[in-house]
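Q: I'll drop the sequence and a predicted model, then ask my questions.
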Amino acid sequence: MDESNPKPKLCSFCSLVCELPDLDDRSAGPEPWCIKRSGLGKLVPLRLASMASAHRSAVTSDAQESYFESSLRIASQQLRRASSILVTGRIHCVESARGSIELARRFDAAIDPWDSDTASDAISAMQRGGGYGVSLGEARDRAELWVVVGQDSLLEQTPRLPIAMHRGESVPLLLLGRWSDASIENFREAGFDVVCIECELEDLPKRLGQWTRVGQTHSESQVGQWLLGAKYTVFLYAPSALDVEGRDLWIEALDRWVLQRNETTRAVTLSWGTLQSSFHQTCTWLTGFPGRIQFREGIPQYDPHGYRAKDWVDRQTASAQAKSRSLLVWVDDSLEELPGELLELDLPKLIIGPNPGSSNHQADRWLPAGIVGVTHTVNMFRGDQTILANVHSDCPPGSQMPSQWLKRFLS
Amino acid sequence: MRVTRLKNVRIVDGIHASSKPTDLYLVGPSLARQLPPETRIDATYDLEDHIAMAGGIDIHTHIGGGKVNLARLMWPERSTKEADEKPWLRPLSAPVPGTWETGQRYLQMGYTTCFEPAMLPANARQSHMEMRDTPWLDTGGYVVLGNDRMLLNMIALGAGQEAINDYVAWMVASSAAMAIKVVNAGGIDAFKFNQRQLNVDEVHPALPVRPRDILWSLSTAAEELGLAHPLHVHCSNLGTPGNITSTLATLDAVEGRRIHLTHAQYHCYGSDGPHGFSSEASKLADRVNRTNHISIDVGQILFGQTITLSADTMHQFANRKFASPRKVIFQDLECQAGCGLLPFRYKESQFVHGLQWSIGLELFLRIQDPTRVFLTTDHPNGGPFTGYPHLIRLLMDYDFRMSIFDRLHPDVRSVSTLPSLKREYRLDEIASITRLGPARALGLQNRGNLNPGSIADVAIYRNDDNPEKMFSSPTMVFRGGEMVLRDGLILRDCQKTVLISDFQTRQDALRWGARPEHSARWQKLYGYSPWLTALRTDEFAEEGLQIEHAHWHR
Ligand code: SF4
Ligand SMILES: [Zn+2]
């Protein structure tokens, strides 16, 4: 495609289309849907905040360069010597995922993103029962009824989602679960006719069945009529915004119920993934598994229970001997602070990312990296995992990407 | 430039008839039959008792994209029963393995070029990335159109062929595709409106459009744009008894334009006999034999466990009850198409499966011109691509074929005409259905043959009475003139190429999305600009890929 073409501007955080030129204009006044408190206490759009900090990390002196070179050398030795390696972190783009997986393969390491429990629950629900899914664009165009299931955290994670869901004409939307007035207002402002029904999330898959039973005379049967009347119903939830016991079973039950509806009518689920979707997708195409694998002689072995990152950590920290001979490689595409629980770990760590954190483990190394989609062009999945966006950088590249560091370990 | 001499090798490429051993030279990335005097030869291999074929070309194999990755995800179990029981299938670690394993297994059979036949436009970048991560293979993809609401609206509003051509050109260019694939024209979209079947002349439930109109518009666009490969068609009524009628209607709908029917085995069924299911392979074969502009790939089934995956949600949903084990995944996707996945086990003892098996073979054996019928299992739908050597043996060895036929359901044995088809494929015909034919159908002049100047992708096989053994273990495979495999052992990586169709209006095509009226329409339907999903060619360069354009030589 020729170079004069306009490049899509995307948020590198929630992978929704973000009108960046507009964002620039609005940076003066606080906008609720895309503003976050920066370190200085000022309110700025996420995207601009990230650019600013990208510039900071891009400026490195010669002295620092040589320090990083020696870090690289030492880290390479650590990698060769360690008897047990975990590759983990917050891996948000295809490039970092590829590099991390290749590193794990070469060094027979285990690999699993740090917070993979929600994704793992959604994946295991799907592996057991399947379902009938939908992508955002289809849902937006085709929905006659939206049913949004969950709680406020859905909107905290993806503030622009209601706008992206709306096709510009009035569509009914049923909010089920625990929603604040502010959230309800948020969907209303996006243009939906909102009805909110408070209910316990835990019971929901069962309640749906009750509401739609034929001959239902329940006081809330209005819901049942909506559900039965709509010719194309979209059930939206984000596994990471479902505060329920046994999330995998809950998802499986809901997905099965929706799938079943298709015997006579059309109903689909839109499961909104986390930023780690790019890792899970890439890992699946390279190895056949979504993560939680241990390489042995280059062959991936999958065990969703045994190779969970945090369980590896528990095992390694349990014995002093294991501790000294292990290495945790942290690959970071996030701008957030490093998790405290990571920094406190009494294990040698190699951190590749924009943020060094302040760990005091003497064997720790830090290799500074740029920010995905800001200092470097990368590929990231939108939350529906249908669109893989090529997220263009806006700043001249300064520091290296995690994937570039990883390549240097492999060459 | 590195020069390799393959000495005393028998050339089998479907073009050169001589069976006498000769010398073949690999000069840098190209082939030669003679060398200028005094050329320094870097390596010589005496290949007496061997044959040389061009690298294999798979015209239709699902190796990259959303539904392929879902299939990997839904099957975390590793060993299958077949792994232990049927070693001839050289089972993969899963019905749809990861890209590393896929690339390796294709290379180990002497295949070097593969095409993903069903890229969703919105998901084309992912398809290409997965193929980029499939080592040793050059790859390309076909973009799925014909259920995209944008096109259906255009046809419904009578936009005219010129406007449709512009739109199609943009879709092909922006997804960096080799060709256009249509899957159950209009039917996938109709299913989103709860319609469960759509015949070629039936009207879509929400728009005044018939599949016939879609097939006509798209085949015309492919022709008028000059795409290298004709419209690649998955017909209406997949797997339905009696679907031969709609398959022949599909062939009529394109009114004499070039057309490729994919996994044709699933589309030539009658509804006769004790089970209401019969073979109409001879009807389709007759049509192909009489009509030069039609090619097909077979989509042969192989007995065992697999996963079926298709954009055809309408028919996959209808078949959900056959899922084994019982889990199914469906998706409606981005106003463009959908996908349906079900694990499936083909059994010798089952009447329908046995007949499907014999119908596929009938097509191979009844179609006369081996450059218009191609060897595929529609991997993974009919079975894994690793079953190709087994399938080649079925074609080359009548007795072997019958030894399996004799194990099928008794009713298959009483109705099938397979025993009467005594034809046994020759080696040069095998070269045609696995190399020469697909290359021609795809407009790849310098692949699929061993002509001087062609790409030096070469597979060397040792002669063996058992073709299955022969084709499952080439002694050497060269990619671009470099030996990458020897005696089953992979020696090195190689440069990869992405294959994209070139066509006359390519440059104009890229401007479609920049025109305000188009991007406004796109934005309204999808909620984002057309450039969000469009691939730029420099993305391939950044990924370290070369680009090769295929041309239609009219
Ligand atoms: S948080 Fe949402 S609105 Fe803000 S920059 Fe990201 S996508 Fe845009
Ligand atoms: Zn197919």
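A: The structure has been received and is ready for your questions. Quick caveat, the model's predicted, so the values are computed rather than measured. Ligands and ions are numbered 1, 2, ... in the order given.
Q: Centre-most residue in chain B?
A: For chain B, the residue sitting closest to the mean C-alpha position, by C-alpha atoms, centre = their mean, is residue B:60 at 0.8 Å.
Q: Quickly note the distance from that one to ligand 1.
A: Counting by C-beta to the nearest ligand atom, to the nearest Å, the gap from residue B:60 to ligand 1 is 39 Å. For glycine as for every other residue, the C-beta is placed from the backbone atoms N, C-alpha and C.
Q: Which residues are in contact with that residue?
A: B:115, B:117, B:232, B:262, B:263, B:297, B:299, B:374, B:376, B:378 (C-beta atoms under 8 Å, 6 or more residues apart in numbering or on different chains).
Q: now residue A:88
A: Counting by C-beta under 8 Å, 6+ apart, residue A:88 makes contact with A:111, A:112, A:113, A:114, A:309, A:328, A:329, A:330, A:331.
Q: Can you check the residues you listed and name whichever has the most neighbours?
A: Among those, the one with the most neighbours (other C-beta atoms under 10 Å in any protein chain shown) is residue A:111, at 31 neighbours.
Q: pretty sure that one is touching residue A:290, no?
A: No: in this structure, residue A:111 is not within contact of residue A:290 by C-beta atoms under 8 Å, at 10.7 Å.
Q: Please enumerate the shared neighbours of those two.
A: Contacts common to residue A:111 and residue A:290, judged by C-beta under 8 Å, 6+ apart, are residue A:283.
Q: buried set for whichever helix in chain A runs longest?
A: Ranked by residue count under DSSP state H, the longest helix found in chain A is helix A:62-81. Judged by neighbour count using 16 or more other C-beta atoms under 10 Å in any protein chain shown, the buried positions of helix A:62-81 are A:68, A:71, A:75, A:78, A:79.
Q: how about those residues in TSV, adding distance to chain B?
A: TSV is the format used below for the buried residues of helix A:62-81 (distance: C-beta to the nearest C-beta, whole Å):
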residue	distance to chain B
A:68	24
A:71	27
A:75	25
A:78	26
A:79	21
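Q: Nearest to residue B:92, out of these: which one, please.
A: Within those, proximity to residue B:92 (C-beta to C-beta) peaks at residue A:79, which comes in at 30.8 Å.
Q: ok, now which ones touch the residue nearest to that closest one when sequence neighbours are not counted?
A: Of all residues not flanking residue A:79 in the chain, residue A:107 sits nearest, at 5.6 Å (C-beta to C-beta, 6 or more residues apart in numbering or on different chains). With contact taken as C-beta under 8 Å, 6+ apart, residue A:107 is in contact with A:79, A:80, A:82, A:85, A:295.
Q: Roughly how far does residue A:107 sit from residue A:91?
A: Distance, residue A:107 to residue A:91, by C-beta to C-beta, to the nearest Å: 16 Å.
Q: Next: residue B:487.
A: From residue B:487 over to residue A:91 the distance is 38 Å, taken as C-beta to C-beta.
Q: Tell me which of those two has more neighbours.
A: residue A:91 (35 against 8).
Q: For the stretch 1-150 of chain B, which segments count as helices?
A: Along the stretch 1-150 of chain B, the stretches classed as helices by DSSP state H, counting those that start in this stretch are B:66-73, B:81-85, B:99-107, B:124-132, B:149-156.
Q: what about the ones you listed, which gets the closest to ligand 1?
A: Ligand 1 sits nearest to helix B:124-132 of all the helices of the stretch 1-150 of chain B, at 19.3 Å, using C-beta to the nearest ligand atom.
Q: So which elements touch the closest one?
A: On a contact count with 3 or more C-beta pairs under 8 Å, 6 or more residues apart in numbering or on different chains; DSSP states H and E, helix B:124-132 meets helix A:277-287, strand A:388-391, helix B:66-73, strand B:111-119, strand B:138-145, strand B:497-501, helix B:537-542.
Q: Out of the helices of the stretch 1-150 of chain B, flag the one nearest residue A:301.
A: Residue A:301 lies closest to helix B:99-107 among the helices of the stretch 1-150 of chain B, at 14.0 Å (C-beta to C-beta).
Q: what's the closest one in contact with?
A: Outside helix B:99-107, the residues that touch it by C-beta under 8 Å, 6+ apart are A:285-288, B:56, B:58, B:63-64, B:90, B:92-93, B:97, B:112, B:114, B:130-131, B:133-137, B:385-386, B:477, B:484-485, B:490.
Q: among those, which ones are buried?
A: Buried subset of those (neighbour count, 16+ other C-beta under 10 Å): A:285-288, B:56, B:58, B:63-64, B:90, B:92-93, B:97, B:112, B:114, B:130-131, B:133-137, B:385-386, B:477, B:484-485.
Q: list the helices and strands the longest helix of chain A packs on?
A: So helix A:62-81, by 3+ C-beta pairs under 8 Å, 6+ apart, packs with strand A:326-332, strand A:349-353, strand A:365-368, helix A:402-410.
Q: List the contacts of the residue lying closest to residue A:357 once chain neighbours are set aside.
A: Closest residue in space to residue A:357, ignoring its immediate chain neighbours: residue A:338 at 3.7 Å, by C-beta to C-beta, 6+ apart. Applying C-beta under 8 Å, 6+ apart, we find residue A:338 in contact with A:330, A:332, A:351, A:353, A:355, A:357, A:359.
Q: how much space between residue B:75 and residue A:372?
A: Distance, residue B:75 to residue A:372, using C-beta to C-beta: 30 Å.
Q: of the two, who's got more company?
A: Taking other C-beta under 10 Å, residue B:75 and residue A:372 do not tie; residue A:372 has more neighbours (33 against 24).
Q: give me the beta-bridge partners of the more buried one?
A: residue A:376 (DSSP bridges).
Q: Next, the residue lying closest to residue A:262 once chain neighbours are set aside: phi, psi?
A: In space, residue A:262 comes closest to residue A:132 once its chain neighbours are excluded; the distance is 5.7 Å by C-beta to C-beta, 6+ apart. Here is the backbone geometry of residue A:132 (degrees, to the nearest 10): phi -120, psi 100.
Q: How about the contacts made by residue A:132?
A: A:255, A:258, A:259, A:262, A:267, A:268, A:269, B:329, B:330, B:331, B:332.
Q: Go through these and flag which are in helices.
A: Using DSSP H, the contacts of residue A:132 in helices are A:255, A:258, A:259.
Q: ok, of these, which one's closest to residue B:551?
A: residue A:259 (45.4 Å).
Q: My read is that the closest one contacts residue B:328, right?
A: Yes: assessed by C-beta under 8 Å, residue A:259 is found in contact with residue B:328 at 7.4 Å.
Q: okay, now residue B:469: neighbour count?
A: Residue B:469: 14 surrounding residues under other C-beta under 10 Å.
Q: Mind telling me what element the nearest residue to residue A:190 once chain neighbours are set aside is part of?
A: Distances taken as C-beta to C-beta, 6+ apart put residue A:162 closest to residue A:190, at 3.6 Å, once the chain neighbours are dropped. Per DSSP states H and E, residue A:162 falls inside helix A:161-165.
Q: Direction included, what does the following helix or strand past that helix pair up with?
A: Helices and strands here follow DSSP H and E; after helix A:161-165, the next one along the chain is strand A:172-178. Take DSSP bridges as the rule and strand A:172-178 pairs in its sheet with strand A:145-151 (parallel), strand A:193-198 (parallel).
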